[in-house]
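Asker: Sharing a model prediction with you, sequence too.
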Amino acid sequence: MSVELGYYTLSVRDLERAAAFYGPLFGWEFRREHETYLHVTNTAVPMGLRAGGPSSQPNLYYHVQDIDAAVEQARELGGTTGEVYESKSGRGCTCTDDQGTEISLWQPAPGFD
């Protein structure tokens, strides 16, 4: 299986203001996951809004079958990764390739793929 975009987030300053903007603009519906995250419930590619400040680019999470194997392979190929974290949507981590490009890896929890 080739790896494809599996999840993305938009970093925003204020979750409620972002929901009030993007909800009507795109027809997005939200479910609060925790105090700093709103999951969008009605998009084909899973996504959400993350509090923490605006970003000029979305945070891209590439869907992998096995996060531990992907982390090991990324490191073997000369990249670096952050610590693997657990969330309701699955397990993930940041990944920087051997040229400095940053992405994220994501192994979805059941029901999120």
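Answerer: Here it is on my side, so go on.

Asker: Only C-alpha atoms from now on, for both contacts and neighbour counts.
Answerer: Fine.

Asker: Spatially, what comes nearest to Leu5 if we skip its sequence neighbours?
Answerer: Tyr62 (4.5 Å; Cα to Cα, 6 or more residues apart in numbering).

Asker: cool, Gly6 as well?
Answerer: Of all residues beyond its chain neighbours, the one nearest Gly6 is His63 (4.4 Å), with distances taken as Cα to Cα, 6+ apart.

Asker: Quick check: the one you found touching Pro108?
Answerer: Yes. His63 lies in contact with Pro108 (Cα atoms under 8 Å); the separation is 7.2 Å.

Asker: Ala70 should be in a strand, yeah?
Answerer: No. Counting by DSSP: H, G, I helix; E, B strand; the rest coil, Ala70 falls outside a strand, being helix.

Asker: tell me, how many neighbours does it end up with?
Answerer: Per other Cα atoms under 10 Å, the neighbour tally for Ala70 reads 17.

Asker: residue contacts, it?
Answerer: 64, 105 (Cα atoms under 8 Å, 6 or more residues apart in numbering).

Asker: One more: Tyr62?
Answerer: Shown in contact with Tyr62 (Cα under 8 Å, 6+ apart): 3-7, 103-106.

Asker: Who does it form a beta bridge with?
Answerer: Beta-bridge partners for Tyr62, by DSSP bridges, are Leu5, Leu105.

Asker: heads up, I number from 2, so please use that
Answerer: Taking 2 as the first residue, the last one we looked at is Tyr63.

Asker: how far away is it from Gly93?
Answerer: 9 Å (Cα to Cα, to the nearest Å).

Asker: same deal with Ile104?
Answerer: Taking Cα to Cα, one finds Ile104 at 11 Å from Gly93.

Asker: Tell me which of the two has more neighbours.
Answerer: Ranked by neighbour count (other Cα under 10 Å), Ile104 and Gly93 place Gly93 first, with 24 against 15.
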